[in-house]
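# structure of the sequence below:
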Amino acid sequence: KEIDWWENPSMDLVPLLKRDKSIKLEVIDVSGEIGCLRFNCLIPPFDNPKFRQVVLAAMNQQDCMQAVAGAVPELIKTDVGIFVPGTPMASTVGIEHTHQYMHMDKLKKDLVAAGYKGEKIVVLSATTIPIIHAIAEVAVSFVRQLGFNVDNQELEWGTVVQRRAKRGPISEGGWSIFHTTGPVTGWNNPAVSPLVGGQGEQGWFGWWKSEAADQMAAEWIAATDPAEQKKIALAAGRLALDQVATVPLGQFFLQTAFRKSITGILDRKS
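Below you'll find the predicted structure:
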């Protein structure tokens, strides 16, 4: 049967594929991906780390990941930090800053106490990548509940990529938050992960600046003892979540669909 998926990219094809006995669904990349919310640390209001900390506290990874995987719990992991399960540097350090979403009234007061006065924030939500869009819809709902004045701009991914490079104020096309996902294998240590990089305007979108973070990355590269590397990674992950350059929104695993008659599929499980 012909399916107009390109006309409706948010359509869930998994139930249809599962009904086809000639199709196999399998997680090929067992390392998975991480979803995240990224702040613009250059302009108000998220140049103030207190506001970023309130957003981190309000996020619910379980809701974000359920939006990605639906009722397939084996395809998601929650309570994950900057370095996710399945990697040598994995830890839950800093995750204690979360799990406060059930205390939304208190968090609203914390936001006001931090000095928020209703400034507009612009959120870039990609509509053409269903997983990112699903994560963004849930995350934006929590940001709104906190009392932020949200302008949620739903755009195709190419436009998000163009807009997130802008460093100017909101009045000049700037932004406050964008959502994305990344490969765990590419973001699995302080030397390569943009989530802990503190290079400021020379770094990744969001432009968090931290000389301490950069020093930790250099020390991690120089370390030859795995135990010492793990110690440095723990410190880097804690710093990144203390200052909240990024909000990790959970780990998920993508299924690949292929006909059972196809052979030679690479096995990443062994």
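
# and the spatially most central residue of the chain, how far from Ser22?
The centroid of the chain falls nearest to Cys36 when counting by Cα atoms, centre = their mean (0.8 Å). Remark: distance between Cys36 and Ser22 (Cβ to Cβ, to the nearest Å) = 36 Å. Yep, even glycine has a C-beta here, placed from its N, CA and C like the rest.

# still on that earlier bit, the residue nearest to the centre of the chain belongs to a strand?
Yes - under DSSP: H, G, I helix; E, B strand; the rest coil, Cys36 falls within a strand.

# residue ranges with poor pLDDT in this protein?
1-16, 71, 266-270 (pLDDT under 70).

# where exactly do the strands run in it?
Shown for the chain, the strands assigned by DSSP state E span residues 23-27, 33-39, 76-77, 120-126, 149-155, 177-183, 246-252, 255-259.

# now the ones you listed as TSV including distance to Thr98?
Output for the strands of the chain, formatted as TSV (distance: least, Cβ to Cβ, whole Å):
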stretch	distance to Thr98
strand 23-27	26
strand 33-39	12
strand 76-77	14
strand 120-126	19
strand 149-155	20
strand 177-183	16
strand 246-252	8
strand 255-259	27
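
# to Trp207, which of those lies closest?
Trp207 lies closest, by Cβ to Cβ, to one member of the strands of the chain: strand 33-39, at 9.4 Å.

# direction included, what does the closest one pair up with?
Strand 33-39 sits in its sheet next to strand 177-183 (antiparallel), strand 246-252 (antiparallel), going by DSSP bridges.

# what angle separates that strand from strand 120-126?
Using axes from the mean of the first three to the mean of the last three Cα atoms, to 10 degrees, the inter-axis angle of strand 33-39 relative to strand 120-126 is 160 degrees.

# residues touching strand 33-39, excluding its own?
Applying Cβ atoms under 8 Å, 6 or more residues apart in numbering, the external contacts of strand 33-39 come out as 46, 52, 55, 59, 64-65, 68, 80, 84, 131-132, 135, 139, 176-184, 187, 195, 205-206, 208, 244-254.
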